[in-house]
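**Q** Got a sequence here, can you model it:
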Amino acid sequence: MKTAICPGSFDPVTNGHLDIIKRTSKIVDKVIVAVLYNPAKNPLFTVEERIGLLKKVTKDIPNIEVTCFSGLLVDYVNEKKIDIIVKGLRAVSDFEYEFQMALMNKKLNSKIETMFMMTKGEYSYLSSSIIKETFRLNGCINGLVPEEVIEAMKQKFECCK
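**A** Numbers count the residues shown, from 1 in each chain. As a prediction, this is how the structure comes out:
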């Protein structure tokens, strides 16, 4: 049984994230979607809220498990006996950073494989940061995030967009 992990901050989850998660679920037996807990960041949503949103938007995908982790991804992968790390790429700029991370993970554990997956072109410019900033400035994010995320953002910003 092959298990892959799709790690990220998912603050919030976007349709680009979901594209990678859904496509990964079709090529492995199990996908662990893991929210990174990073106390150095100042996220909009708590880890628990991000997990809740991810569970809602992936509920129709049978081979998904949503969880969280902190520390080194490679340590979590070792602990859970995960076979593959899947990283979504939007542009060449993503590749540089992710390539370095993949090589470091390989150095820390030579058995770990990293798979890079290009997101669909329609989501190639999308990031959680862009979503949050656009929403804060009253821009339309319909079609870029699941409806559940829009509702959660309305509650966070206490408005009725």
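**Q** What residues of whichever helix or strand Phe135 is part of count as buried?
**A** Assessed by DSSP states H and E, Phe135 sits inside helix 128-136. By neighbour count with 16 or more other C-beta atoms under 10 Å, helix 128-136 contains the buried residues Ser128, Ile131, Lys132, Phe135. The way it works is simple: take the backbone N, C-alpha and C, and place the C-beta from them, glycine included.
**Q** Report the contact partners of the second one.
**A** Under the criterion of C-beta atoms under 8 Å, 6 or more residues apart in numbering, the contact list for Ile131 reads Pro12, Thr14, Ile141, Leu144, Val145, Val149.
**Q** A helix includes the first one, no?
**A** It refers to Pro12. No. Under DSSP: H, G, I helix; E, B strand; the rest coil, Pro12 falls outside any helix and is assigned coil.
**Q** of all the buried residues of helix 128-136, which two lie farthest apart?
**A** Spatial extent of the buried residues of helix 128-136 (C-beta to C-beta) is set by the pair Ser128 and Phe135 at 10.6 Å.
**Q** Please work out which residues outside stretch 106-125 touch it.
**A** 4, 14-16, 19-20, 23-24, 72, 74, 77-78, 83-91, 95, 98, 101-102, 105, 126, 144.
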